[in-house]
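In: missing the sequence, but the structure's below:
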(Lines give C-alpha, C1' and ligand atoms only; values in the text may rest on other atoms or scores of the structure.)
Protein backbone atom coordinates (compact mmCIF):
# COMPACT_ATOMS: atom_id res chain seq x y z
CA UNK A 1 0.00 0.00 0.00
CA UNK A 2 1.35 3.46 -0.91
CA UNK A 3 2.22 6.00 1.77
CA UNK A 4 -0.71 8.19 0.68
CA UNK A 5 -3.21 5.34 0.95
CA UNK A 6 -1.76 4.34 4.30
CA UNK A 7 -2.36 7.86 5.65
CA UNK A 8 -5.93 7.89 4.29
CA UNK A 9 -6.58 4.54 5.95
CA UNK A 10 -5.09 5.81 9.22
CA UNK A 11 -7.36 8.86 9.26
CA UNK A 12 -10.35 6.67 8.41
CA UNK A 13 -9.57 4.51 11.42
CA UNK A 14 -8.88 7.59 13.57
CA UNK A 15 -12.26 8.99 12.56
CA UNK A 16 -13.93 5.67 13.33
CA UNK A 17 -12.24 5.48 16.74
CA UNK A 18 -13.50 8.92 17.70
CA UNK A 19 -16.98 7.98 16.47
CA UNK A 20 -17.02 4.98 18.79
CA UNK A 21 -15.59 6.91 21.74
CA UNK A 22 -17.67 10.11 21.66
CA UNK A 23 -20.96 8.62 22.97
CA UNK A 24 -19.11 7.36 26.05
CA UNK A 25 -17.31 10.68 26.54
CA UNK A 26 -20.65 12.34 27.30
CA UNK A 27 -20.52 10.59 30.67
CA UNK A 28 -17.03 11.85 31.50
CA UNK A 29 -17.48 14.51 34.19
CA UNK A 30 -14.72 16.70 32.71
CA UNK A 31 -16.01 16.51 29.13
CA UNK A 32 -19.77 16.62 29.73
CA UNK A 33 -19.67 20.40 30.14
CA UNK A 34 -19.69 21.99 26.72
CA UNK A 35 -20.41 18.67 25.04
CA UNK A 36 -22.64 20.32 22.42
CA UNK A 37 -19.78 22.65 21.46
CA UNK A 38 -17.22 19.84 21.48
CA UNK A 39 -19.39 17.89 19.00
CA UNK A 40 -20.52 20.98 17.01
CA UNK A 41 -24.16 20.40 17.90
CA UNK A 42 -23.92 24.06 18.88
CA UNK A 43 -22.90 26.15 15.88
CA UNK A 44 -19.59 28.02 15.84
CA UNK A 45 -19.26 31.41 14.18
CA UNK A 46 -16.76 32.64 11.65
CA UNK A 47 -13.48 34.17 12.87
CA UNK A 48 -10.32 35.58 11.32
CA UNK A 49 -8.11 34.15 14.08
CA UNK A 50 -8.59 30.97 16.11
CA UNK A 51 -6.53 30.59 19.32
CA UNK A 52 -6.49 27.21 21.08
CA UNK A 53 -5.55 27.20 24.78
CA UNK A 54 -5.65 23.68 26.22
CA UNK A 55 -6.18 24.54 29.88
CA UNK A 56 -5.82 27.28 32.49
CA UNK A 57 -2.11 28.04 31.94
CA UNK A 58 -2.49 28.40 28.18
CA UNK A 59 -5.67 30.45 28.63
CA UNK A 60 -3.68 33.10 30.49
CA UNK A 61 -1.34 33.21 27.50
CA UNK A 62 -4.32 33.64 25.19
CA UNK A 63 -5.48 36.51 27.41
CA UNK A 64 -2.09 38.19 26.98
CA UNK A 65 -2.29 37.81 23.20
CA UNK A 66 -5.77 39.34 23.07
CA UNK A 67 -4.71 42.24 25.27
CA UNK A 68 -1.60 43.05 23.21
CA UNK A 69 -2.68 42.20 19.68
CA UNK A 70 -2.95 45.38 17.59
CA UNK A 71 -4.14 44.32 14.13
CA UNK A 72 -3.95 46.64 11.14
CA UNK A 73 -7.68 46.15 10.56
CA UNK A 74 -10.58 44.94 12.74
CA UNK A 75 -10.57 41.17 13.31
CA UNK A 76 -12.79 38.61 15.02
CA UNK A 77 -11.12 36.05 17.26
CA UNK A 78 -12.35 32.68 18.45
CA UNK A 79 -10.64 31.36 21.60
CA UNK A 80 -11.12 27.75 22.68
CA UNK A 81 -10.10 25.56 25.58
CA UNK A 82 -10.47 21.91 26.59
CA UNK A 83 -11.33 22.57 30.26
CA UNK A 84 -13.90 24.44 32.31
CA UNK A 85 -11.13 26.31 34.16
CA UNK A 86 -9.65 27.38 30.85
CA UNK A 87 -13.05 28.59 29.67
CA UNK A 88 -13.57 30.65 32.82
CA UNK A 89 -10.27 32.44 32.21
CA UNK A 90 -11.08 33.01 28.53
CA UNK A 91 -14.44 34.52 29.46
CA UNK A 92 -12.67 36.95 31.78
CA UNK A 93 -10.17 37.70 29.00
CA UNK A 94 -12.95 38.46 26.52
CA UNK A 95 -14.64 40.82 29.00
CA UNK A 96 -11.28 42.47 29.62
CA UNK A 97 -10.32 43.12 26.01
CA UNK A 98 -13.69 43.88 24.44
CA UNK A 99 -14.03 47.44 25.83
CA UNK A 100 -10.32 48.23 25.56
CA UNK A 101 -8.90 46.73 22.38
CA UNK A 102 -10.10 48.54 19.32
CA UNK A 103 -10.10 46.30 16.33
CA UNK A 104 -10.36 43.02 18.27
CA UNK A 105 -13.63 41.29 19.12
CA UNK A 106 -13.65 37.79 20.55
CA UNK A 107 -15.86 34.91 21.59
CA UNK A 108 -15.11 31.64 23.35
CA UNK A 109 -16.07 27.99 22.93
CA UNK A 110 -14.97 24.55 24.00
CA UNK A 111 -12.40 22.96 21.69
CA UNK A 112 -14.08 20.41 19.38
CA UNK A 113 -13.22 16.74 19.60
CA UNK A 114 -10.48 15.88 17.12
CA UNK A 115 -12.62 13.52 15.07
CA UNK A 116 -11.55 14.41 11.49
CA UNK A 117 -15.16 14.82 10.31
CA UNK A 118 -15.89 17.22 13.21
CA UNK A 119 -12.71 19.21 12.64
CA UNK A 120 -13.38 19.58 8.92
CA UNK A 121 -16.82 20.98 9.70
CA UNK A 122 -15.36 23.30 12.35
CA UNK A 123 -12.66 24.73 10.07
CA UNK A 124 -15.10 25.04 7.16
CA UNK A 125 -17.59 26.99 9.34
CA UNK A 126 -15.06 29.15 11.22
CA UNK A 127 -12.95 29.87 8.12
CA UNK A 128 -9.95 31.15 10.13
CA UNK A 129 -7.11 32.82 8.29
CA UNK A 130 -4.70 31.99 11.12
CA UNK A 131 -4.71 29.20 13.71
CA UNK A 132 -2.62 29.75 16.84
CA UNK A 133 -1.79 26.69 18.94
CA UNK A 134 -0.35 27.48 22.36
CA UNK A 135 2.52 25.43 23.77
CA UNK A 136 2.03 21.78 22.74
CA UNK A 137 -1.33 21.36 21.03
CA UNK A 138 -0.87 19.21 17.94
CA UNK A 139 -4.06 17.37 16.97
CA UNK A 140 -3.89 15.43 13.67
CA UNK A 141 -7.55 15.89 12.78
CA UNK A 142 -7.32 19.65 13.27
CA UNK A 143 -4.01 20.05 11.45
CA UNK A 144 -5.29 18.04 8.47
CA UNK A 145 -8.44 20.17 8.22
CA UNK A 146 -6.43 23.39 8.44
CA UNK A 147 -4.19 22.21 5.60
CA UNK A 148 -7.19 21.25 3.48
CA UNK A 149 -8.80 24.69 3.79
CA UNK A 150 -5.58 26.69 3.42
CA UNK A 151 -5.42 28.10 6.95
CA UNK A 152 -1.97 29.12 8.21
CA UNK A 153 -0.94 27.48 11.48
CA UNK A 154 1.40 28.88 14.13
CA UNK A 155 2.64 27.24 17.35
CA UNK A 156 3.44 29.91 19.95
CA UNK A 157 5.29 29.38 23.23
CA UNK A 158 5.98 25.95 21.82
CA UNK A 159 7.39 23.16 23.94
CA UNK A 160 7.91 19.48 23.17
CA UNK A 161 9.49 16.86 25.41
CA UNK A 162 11.92 14.18 24.30
CA UNK A 163 9.28 11.57 25.14
CA UNK A 164 6.68 13.28 22.95
CA UNK A 165 9.17 13.68 20.10
CA UNK A 166 9.94 9.94 20.21
CA UNK A 167 6.24 9.21 19.91
CA UNK A 168 5.79 11.57 16.94
CA UNK A 169 8.83 10.08 15.19
CA UNK A 170 7.13 6.70 14.93
CA UNK A 171 5.51 8.19 11.79
CA UNK A 172 7.59 11.21 10.72
CA UNK A 173 6.12 11.48 7.21
CA UNK A 174 2.63 11.97 8.66
CA UNK A 175 3.75 14.86 10.84
CA UNK A 176 5.77 16.32 7.99
CA UNK A 177 2.53 16.42 6.00
CA UNK A 178 0.74 18.14 8.90
CA UNK A 179 3.62 20.55 9.56
CA UNK A 180 2.67 23.99 11.00
CA UNK A 181 3.75 27.04 9.00
CA UNK A 182 5.76 28.52 11.89
CA UNK A 183 6.84 27.47 15.37
CA UNK A 184 8.13 29.79 18.09
CA UNK A 185 9.71 27.54 20.74
CA UNK A 186 10.49 28.61 24.31
CA UNK A 187 14.05 27.26 24.39
CA UNK A 188 16.83 26.17 22.08
CA UNK A 189 16.33 22.56 23.19
CA UNK A 190 12.62 22.69 22.37
CA UNK A 191 13.48 24.30 19.02
CA UNK A 192 15.89 21.46 18.20
CA UNK A 193 13.22 18.87 18.97
CA UNK A 194 10.64 20.66 16.81
CA UNK A 195 13.26 20.97 14.05
CA UNK A 196 13.89 17.23 14.16
CA UNK A 197 10.21 16.69 13.43
CA UNK A 198 9.42 19.57 11.07
CA UNK A 199 12.71 21.05 9.80
CA UNK A 200 14.73 23.93 11.26
CA UNK A 201 13.60 26.47 8.64
CA UNK A 202 10.15 26.51 10.25
CA UNK A 203 11.34 26.98 13.85
CA UNK A 204 12.55 30.02 15.83
CA UNK A 205 13.14 30.63 19.55
CA UNK A 206 11.12 33.14 21.57
CA UNK A 207 11.16 34.29 25.22
CA UNK A 208 8.58 32.38 27.24
CA UNK A 209 5.41 34.47 27.54
CA UNK A 210 5.01 33.39 31.15
CA UNK A 211 7.91 35.65 32.08
CA UNK A 212 5.84 38.59 30.80
CA UNK A 213 3.04 37.65 33.14
CA UNK A 214 5.41 37.64 36.10
CA UNK A 215 7.01 40.83 34.82
CA UNK A 216 3.66 42.63 34.97
CA UNK A 217 3.81 42.46 38.76
CA UNK A 218 2.97 45.84 40.22
CA UNK A 219 3.46 47.35 43.67
CA UNK A 220 1.12 46.01 46.30
CA UNK A 221 -2.31 47.49 45.76
CA UNK A 222 -4.04 49.34 48.57
CA UNK A 223 -7.32 47.76 47.46
CA UNK A 224 -8.62 45.47 50.17
CA UNK A 225 -8.09 41.77 49.48
CA UNK A 226 -11.55 40.14 49.72
CA UNK A 227 -10.06 37.16 51.54
CA UNK A 228 -9.37 39.44 54.49
CA UNK A 229 -13.05 38.94 55.28
CA UNK A 230 -12.34 35.31 56.23
CA UNK A 231 -8.67 35.42 57.34
CA UNK A 232 -7.54 37.20 60.50
CA UNK A 233 -4.37 39.26 60.01
CA UNK A 234 -2.74 37.77 63.14
CA UNK A 235 -3.23 34.15 62.03
CA UNK A 236 -0.62 32.60 59.72
CA UNK A 237 -1.80 31.19 56.39
CA UNK A 238 -0.10 28.38 54.47
CA UNK A 239 -1.26 27.76 50.91
CA UNK A 240 -1.06 24.28 49.38
CA UNK A 241 -1.69 25.14 45.75
CA UNK A 242 -2.48 23.03 42.67
CA UNK A 243 -2.37 19.73 44.55
CA UNK A 244 -2.62 16.77 42.17
CA UNK A 245 -4.32 13.43 42.78
CA UNK A 246 -1.06 11.47 42.63
CA UNK A 247 0.41 13.36 45.61
CA UNK A 248 -2.65 13.55 47.84
CA UNK A 249 -1.49 10.98 50.41
CA UNK A 250 1.82 12.78 51.04
CA UNK A 251 0.05 16.16 51.17
CA UNK A 252 -2.13 14.67 53.92
CA UNK A 253 1.08 14.09 55.89
CA UNK A 254 2.17 17.68 55.31
CA UNK A 255 -1.17 18.91 56.65
CA UNK A 256 -0.89 16.71 59.74
CA UNK A 257 2.71 17.78 60.37
CA UNK A 258 1.93 21.51 60.13
CA UNK A 259 -1.19 21.04 62.26
CA UNK A 260 0.87 19.27 64.94
CA UNK A 261 3.81 21.71 64.98
CA UNK A 262 1.91 24.96 64.37
CA UNK A 263 -1.67 24.19 65.46
CA UNK A 264 -2.96 27.75 65.01
CA UNK A 265 -2.00 27.92 61.35
CA UNK A 266 -4.77 28.09 58.75
CA UNK A 267 -4.14 25.97 55.67
CA UNK A 268 -5.63 26.93 52.31
CA UNK A 269 -5.94 23.71 50.30
CA UNK A 270 -6.34 24.14 46.53
CA UNK A 271 -6.84 20.86 44.60
CA UNK A 272 -5.68 21.19 41.00
CA UNK A 273 -8.95 19.68 39.80
CA UNK A 274 -12.31 20.44 41.37
CA UNK A 275 -13.57 16.87 41.10
CA UNK A 276 -11.09 15.97 43.91
CA UNK A 277 -13.01 18.07 46.44
CA UNK A 278 -15.05 15.03 47.58
CA UNK A 279 -11.86 13.09 48.22
CA UNK A 280 -10.50 15.86 50.40
CA UNK A 281 -13.73 16.20 52.35
CA UNK A 282 -13.46 12.54 53.36
CA UNK A 283 -9.69 12.74 53.92
CA UNK A 284 -9.92 15.72 56.28
CA UNK A 285 -12.69 14.01 58.24
CA UNK A 286 -10.47 10.92 58.48
CA UNK A 287 -7.58 13.07 59.71
CA UNK A 288 -9.89 14.64 62.33
CA UNK A 289 -8.98 18.18 61.21
CA UNK A 290 -11.48 21.03 61.30
CA UNK A 291 -12.25 22.20 57.76
CA UNK A 292 -14.66 24.35 55.82
CA UNK A 293 -15.55 24.79 52.18
CA UNK A 294 -14.54 28.15 50.76
CA UNK A 295 -17.94 28.52 49.09
CA UNK A 296 -19.63 28.34 52.51
CA UNK A 297 -17.22 30.66 54.33
CA UNK A 298 -18.39 34.21 54.99
CA UNK A 299 -16.67 35.15 58.27
CA UNK A 300 -13.29 34.70 59.92
CA UNK A 301 -12.14 31.08 59.91
CA UNK A 302 -11.07 29.66 63.30
CA UNK A 303 -7.32 29.21 63.70
CA UNK A 304 -6.09 25.70 63.01
CA UNK A 305 -8.67 25.11 60.27
CA UNK A 306 -8.25 23.95 56.69
CA UNK A 307 -10.09 25.95 54.05
CA UNK A 308 -10.91 23.57 51.22
CA UNK A 309 -11.10 25.76 48.13
CA UNK A 310 -14.02 24.69 45.98
CA UNK A 311 -14.19 28.00 44.09
CA UNK A 312 -12.03 29.04 41.17
CA UNK A 313 -9.95 32.17 40.71
CA UNK A 314 -8.77 32.93 44.26
CA UNK A 315 -5.40 31.21 44.41
CA UNK A 316 -3.58 34.46 43.65
CA UNK A 317 -5.51 36.26 46.38
CA UNK A 318 -4.55 33.55 48.87
CA UNK A 319 -0.87 33.69 47.91
CA UNK A 320 -0.89 37.43 48.61
CA UNK A 321 -1.96 36.86 52.22
CA UNK A 322 0.13 33.76 52.91
CA UNK A 323 3.31 33.40 54.91
CA UNK A 324 4.27 30.17 53.13
CA UNK A 325 3.23 28.25 50.02
CA UNK A 326 3.70 24.83 48.49
CA UNK A 327 3.01 24.38 44.76
CA UNK A 328 1.87 20.91 43.79
CA UNK A 329 2.39 18.58 40.89
CA UNK A 330 5.94 18.28 42.20
CA UNK A 331 5.86 15.57 44.88
CA UNK A 332 4.92 12.97 42.25
CA UNK A 333 6.61 12.60 38.86
CA UNK A 334 4.23 15.02 37.14
CA UNK A 335 6.61 17.80 36.08
CA UNK A 336 5.28 20.47 38.45
CA UNK A 337 2.71 23.26 38.34
CA UNK A 338 3.27 26.98 37.85
CA UNK A 339 5.19 28.28 40.88
CA UNK A 340 5.80 31.70 39.27
CA UNK A 341 2.34 32.78 40.38
CA UNK A 342 3.40 32.54 44.02
CA UNK A 343 6.48 34.67 43.27
CA UNK A 344 4.26 37.22 41.55
CA UNK A 345 2.42 37.57 44.84
CA UNK A 346 5.57 37.91 46.94
CA UNK A 347 5.95 34.51 48.55
CA UNK A 348 8.89 32.15 47.95
CA UNK A 349 7.32 28.88 46.77
CA UNK A 350 8.31 25.47 48.07
CA UNK A 351 8.15 22.68 45.48
CA UNK A 352 9.01 19.00 45.35
CA UNK A 353 11.75 17.42 43.22
CA UNK A 354 9.64 17.11 40.05
CA UNK A 355 9.58 20.41 38.15
CA UNK A 356 10.66 19.44 34.64
CA UNK A 357 7.76 21.34 33.06
CA UNK A 358 9.28 24.56 34.41
CA UNK A 359 12.95 23.87 33.78
CA UNK A 360 12.80 26.75 31.27
CA UNK A 361 12.71 29.13 34.23
CA UNK A 362 16.36 28.23 34.87
CA UNK A 363 18.20 26.79 37.87
CA UNK A 364 19.51 30.25 38.72
CA UNK A 365 16.11 30.99 40.25
CA UNK A 366 16.86 28.31 42.88
CA UNK A 367 20.38 29.58 43.50
CA UNK A 368 18.97 33.06 44.14
CA UNK A 369 16.60 31.68 46.77
CA UNK A 370 13.44 32.52 44.84
CA UNK A 371 12.30 28.88 44.85
CA UNK A 372 13.02 26.17 47.40
CA UNK A 373 13.15 22.56 46.26
CA UNK A 374 12.37 19.87 48.81
CA UNK A 375 13.44 16.25 48.43
CA UNK A 376 10.24 14.83 49.96
CA UNK A 377 7.11 15.73 51.93
CA UNK A 378 9.02 15.98 55.21
CA UNK A 379 11.32 18.64 53.83
CA UNK A 380 8.34 20.45 52.32
CA UNK A 381 6.75 20.59 55.78
CA UNK A 382 10.03 21.77 57.34
CA UNK A 383 10.41 24.59 54.82
CA UNK A 384 6.80 25.69 55.30
CA UNK A 385 7.13 25.76 59.09
CA UNK A 386 10.34 27.81 58.74
CA UNK A 387 8.50 30.31 56.55
CA UNK A 388 5.61 30.55 58.99
CA UNK A 389 8.08 31.57 61.69
CA UNK A 390 10.17 33.90 59.56
CA UNK A 391 9.72 34.69 55.89
CA UNK A 392 10.98 37.65 53.81
CA UNK A 393 8.58 40.49 53.11
CA UNK A 394 6.30 40.08 50.13
CA UNK A 395 7.59 43.27 48.56
CA UNK A 396 11.22 42.13 48.84
CA UNK A 397 10.40 38.83 47.12
CA UNK A 398 8.40 40.56 44.39
CA UNK A 399 11.24 42.95 43.58
CA UNK A 400 13.77 40.10 43.44
CA UNK A 401 11.48 38.14 41.13
CA UNK A 402 11.07 41.10 38.77
CA UNK A 403 14.83 41.55 38.61
CA UNK A 404 15.20 37.90 37.67
CA UNK A 405 12.81 38.04 34.73
CA UNK A 406 13.73 41.47 33.42
CA UNK A 407 16.06 40.11 30.73
CA UNK A 408 13.73 37.22 29.92
CA UNK A 409 10.68 39.22 28.85
CA UNK A 410 9.29 40.10 25.43
CA UNK A 411 7.64 36.86 24.35
CA UNK A 412 4.15 38.34 24.10
CA UNK A 413 5.29 41.18 21.85
CA UNK A 414 7.24 38.73 19.68
CA UNK A 415 4.20 36.46 19.32
CA UNK A 416 1.81 39.32 18.51
CA UNK A 417 4.21 40.63 15.88
CA UNK A 418 4.25 37.25 14.15
CA UNK A 419 0.45 36.91 14.26
CA UNK A 420 0.04 40.37 12.73
CA UNK A 421 2.55 39.54 10.00
CA UNK A 422 0.54 36.44 9.07
CA UNK A 423 -2.75 38.37 9.19
CA UNK A 424 -1.35 41.08 6.92
CA UNK A 425 -0.16 38.49 4.39
CA UNK A 426 -3.46 36.65 4.08
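Out: Arrived safely, thanks for sending. If you're wondering where the values come from, they're calculated on a predicted model, not measured in any experiment.
In: give me the neighbour count for the closest residue to residue 140 other than its chain neighbours.
Out: Nearest residue to residue 140 in three dimensions, chain neighbours excluded: residue 178, at 6.1 Å (C-beta to C-beta, 6 or more residues apart in numbering). Placement of C-beta: from N, CA and C, glycine included. Residue 178 has 20 neighbouring residues, counting by other C-beta atoms under 10 Å.
In: now the helix or strand hosting residue 109: buried residues?
Out: Secondary structure assignment for residue 109, by DSSP states H and E: strand 104-110. Neighbour counts using 16 or more other C-beta atoms under 10 Å place 104, 106-110 of strand 104-110 among the buried residues.
In: among the residues you listed, which one lies nearest to residue 236?
Out: When the buried residues of strand 104-110 are ranked by distance to residue 236 (C-beta to C-beta), residue 108 comes first, at 38.5 Å.
In: can you tell me which residues contact residue 420?
Out: 69-72 (C-beta atoms under 8 Å, 6 or more residues apart in numbering).
In: same check on residue 51?
Out: So residue 51 contacts 62, 65-66, 77-80, 132, 134 (C-beta under 8 Å, 6+ apart).
In: switch to 10 Å and redo it
Out: Residue 51 is in contact with 58-59, 61-63, 65-66, 69, 77-81, 90, 93, 106, 108, 128, 130-134, 154, 156, 419, counting by C-beta atoms under 10 Å, 6 or more residues apart in numbering.
In: measure the residue nearest to residue 140 to residue 17 for me?
Out: 18 Å (C-beta to C-beta, to the nearest Å).
In: now do the strands in the stretch 301-426 of the chain.
Out: 306-308, 324-327, 349-351, 372-373 (DSSP state E, counting those that start in this stretch).
In: contacts for the last one, please.
Out: Identification of contacts with strand 372-373 by C-beta under 10 Å, 6+ apart yields 324, 326, 330, 339, 348-355, 363, 366, 379-380, 383-384, 386-387.
In: quick check: neighbours of it in the sheet, parallel or antiparallel?
Out: strand 349-351 (parallel) (DSSP bridges).
In: re the thing from before, now render the strands of the stretch 301-426 of the chain as JSON lines, adding distance to residue 40, mean neighbour count and mean pLDDT.
Out: Listed next are those as JSON lines, based on distance: least, C-beta to C-beta, whole Å; neighbours: other C-beta atoms under 10 Å; pLDDT from 0 to 100:
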{"stretch": "strand 306-308", "distance to residue 40": "37", "mean neighbour count": "23", "mean pLDDT": "97"}
{"stretch": "strand 324-327", "distance to residue 40": "37", "mean neighbour count": "28", "mean pLDDT": "98"}
{"stretch": "strand 349-351", "distance to residue 40": "40", "mean neighbour count": "26", "mean pLDDT": "98"}
{"stretch": "strand 372-373", "distance to residue 40": "45", "mean neighbour count": "18", "mean pLDDT": "98"}
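In: let's have the ones you listed in TSV, adding distance to residue 243.
Out: Below are the strands of the stretch 301-426 of the chain laid out as TSV (distance: least, C-beta to C-beta, whole Å):
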stretch	distance to residue 243
strand 306-308	11
strand 324-327	8
strand 349-351	12
strand 372-373	17
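In: name the member of the contacts of residue 420 with the most neighbours.
Out: That'd be residue 69 among these, by other C-beta under 10 Å, with 23 neighbours.
In: got the contact list for it?
Out: 49, 51, 75, 77, 97, 101, 103-104, 106, 412, 415-417, 419-420, 423.
In: which one of those residues is nearest to residue 302?
Out: The closest of those, once distances to residue 302 are taken by C-beta to C-beta, is residue 97, at 41.3 Å.
In: buried ones in the helix or strand following the strand holding residue 109?
Out: Downstream of strand 104-110, the next assigned helix or strand under DSSP H and E is helix 116-126. Under the neighbour-count criterion of 16+ other C-beta under 10 Å, helix 116-126 has 116, 118-120, 122-123, 126 buried.
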